[in-house]
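Undergrad: Next comes the sequence, and after it the predicted model I'd like to discuss.
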Amino acid sequence: MPRPSLPPLGILILGAFGLIRQKWPSFCVGVLFFGMLLAVGSAYLDRSVDRVLETLGQQTGLTAEEVQATVEAQFREIADSASVQSDSGAIIASSDGLNSLLLQASSLQDQLRAGVQPAVTKDLILPSYLARMGTTAFGIFVFYIVVLFLSMLFFCLLSVSGPASISDVVLRLPFTVLPAVGLVLLIVLRSFLWVPFLGLPLGLYFLPRLSLAPILLLSGEAGIFRSAAVSMHRTKGLWFPLFLRFLGGFLLLLSIGWFVILIAGSVMLFSVKIGFLLWFCGLIVLVAVAMAFLTVVAATVG
């Protein structure tokens with residue numbers, strides 16, 4: 001028996017925006033909340049950078065602006081040395097220089113953890129900067145990933161929860177984190193994204209086939225393994241139509257992202273802080289639209 005065809009891309013997009021319109025107050029609250037979290041992380045990172053620049057300036061007798069200029073110049077020097085040279089010997093030497101920089105930064109970081117304040121000269125500004133900012137920058141990066149992951153779960157739950165209120169969604173959210181993480185790991189393993197070279201083409205095949213699994217899991221229809229199996233069954237013979245529609249959805253997100261960058265960039269001319277907040281909220285809007293679109297696609301399959 002032939003499988004029914006999927007609705008056109010335009011219908012799916014209208015359905016996604018219709019779903020958002022039905023619950024627009026809850027979607028707006030989620031966008032503002034998660035956007036503010038990202039903005040808080042950015043503000044903390046900026047303050048950490050300022051403190052490090054001031055500390056290095058005090059130790060070297062330079063101003064914070066001069067320290068920042070030195071760091072940027074040394075970064076550019078490393079990047080230029082890696083890209084300008086063309087013979088293999090120069091490339092290896094550039095790699096050795098980068099490794100030496102990282103080893104210096106690691107050594108300085110160990111001293112700082114031991115409570116020792118190493119002397120900083122102008123030649124050691126860049127490794128000292130990396131030593132002081134490395135852990136903080138990595139922590140903020142992890143924070144961003146967690147916030148984006150939680151925002152995906154929130155908007156996915158909001159999309160599949162029907163008439164449930166935002167408070168019900170918030171109460172359900174903590175209980176979905178571990179199953180969602182397990183499903184992500186299963187999809188990565190099942191789609192062979194971890195396989196070198198072959199991982200990308202295999203992932204392009206399996207990801208559309210497994211695309212229904214998050215909706216099935218968060219809607220309560222199936223558990224981790226069952227949701228993946230049901231998704232593979234329901235999407236049998238529909239890989240190409242799903243791929244085209246997800247490609248169209250991706251292009252839609254790119255268009256929205258370009259519009260967000262344009263607005264945020266214009267606002268930054270007057271207020272950098274408000275511009276960054278708009279950019280982060282716009283990023284969360286992309287997540288919300290993507291989850292609504294995925295929910296509508298899942299509702300039309302099988």
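TA: In hand now; what should we look at?
Undergrad: List the residues that contact Cys281.
TA: 31-32, 35 (Cβ atoms under 8 Å, 6 or more residues apart in numbering). (Each C-beta comes from the backbone N, C-alpha and C, glycine too.)
Undergrad: Repeat the analysis, applying 6 Å as the threshold.
TA: By Cβ atoms under 6 Å, 6 or more residues apart in numbering, the contact list for Cys281 reads 31, 35.
Undergrad: quick one: pLDDT of it?
TA: Here, the pLDDT recorded for Cys281 equals 94.
Undergrad: May I see the buried residues of the helix or strand encompassing it?
TA: Per DSSP states H and E, Cys281 falls inside helix 272-299. Within helix 272-299, the residues scored as buried using 16 or more other Cβ atoms under 10 Å are 275-299.
Undergrad: Over to stretch 255-275?
TA: Buried, per 16+ other Cβ under 10 Å, within stretch 255-275: 260, 264, 267, 275.
Undergrad: mean confidence for it?
TA: Stretch 255-275 comes out at a mean pLDDT of 89.
Undergrad: How about residues contacting it?
TA: Taking Cβ under 6 Å, 6+ apart as the rule, stretch 255-275 contacts 278-279, 282, 286.
Undergrad: Just put those in TSV and tack on distance to Tyr144.
TA: Output for these, formatted as TSV (distance: Cβ to Cβ, whole Å):
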residue	distance to Tyr144
Leu278	17
Trp279	13
Gly282	15
Leu286	14
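Undergrad: Which one of those residues is nearest to Leu19?
TA: Leu286 (15.4 Å; Cβ to Cβ).
Undergrad: Excluding chain neighbours, what is closest to the closest one?
TA: Excluding the flanking residues, the one nearest Leu286 by Cβ to Cβ, 6 or more residues apart in numbering is Leu253, at 5.3 Å.
Undergrad: That neighbour: how many residues sit nearby?
TA: Counted by other Cβ atoms under 10 Å, the residues lying close to Leu253 total 16.
Undergrad: in terms of contact, does it touch Val285 like I think?
TA: No: between Leu253 and Val285 there is no contact under Cβ atoms under 6 Å: 9.5 Å.
Undergrad: quick one: whatever helix or strand Leu253 lives in to chain centroid distance?
TA: For Leu253, the enclosing helix or strand under DSSP H and E is helix 239-268. Centroid separation for helix 239-268 versus its chain: 15 Å, with Cα atoms, centre = their mean, to the nearest Å.
Undergrad: before we move on, what about stretch 287-297?
TA: 16 Å.
Undergrad: Send over it as CSV, restricted to the C-alpha atoms.
TA: Extracted as CSV, the C-alpha positions of stretch 287-297 are listed here (Å, rounded to 0.1, in the frame of the first residue of the first chain):
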residue,chain,number,x,y,z
VAL,A,287,14.9,27.2,18.2
ALA,A,288,11.2,27.8,18.8
VAL,A,289,10.4,27.8,15.1
ALA,A,290,12.5,24.7,14.5
MET,A,291,10.7,22.8,17.3
ALA,A,292,7.2,23.9,16.1
PHE,A,293,8.2,22.9,12.5
LEU,A,294,9.4,19.5,13.6
THR,A,295,6.2,18.9,15.6
VAL,A,296,4.0,19.8,12.6
VAL,A,297,6.1,17.5,10.3
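Undergrad: moving C-terminal of the helix or strand containing Tyr44, what's the next helix or strand?
TA: Secondary structure from DSSP H and E places Tyr44 in helix 24-60. Beyond helix 24-60 in the direction of the C-terminus, DSSP H and E gives the next helix or strand as helix 64-84.
Undergrad: Please spell out which residues along that next one are buried.
TA: So for helix 64-84, counting by 16+ other Cβ under 10 Å, buried means 64, 66-68, 70-71, 74, 81.
Undergrad: Going by distance to Arg226, which of those residues wins?
TA: Val71 (51.6 Å).
Undergrad: so how far is Leu108 from the closest residue in space to that closest one that isn't next to it in sequence?
TA: Excluding its sequence neighbours, the residue lying closest to Val71 (Cβ to Cβ, 6+ apart) is Tyr129, at 5.1 Å. The gap separating Tyr129 from Leu108 is 10 Å, by Cβ to Cβ, to the nearest Å.
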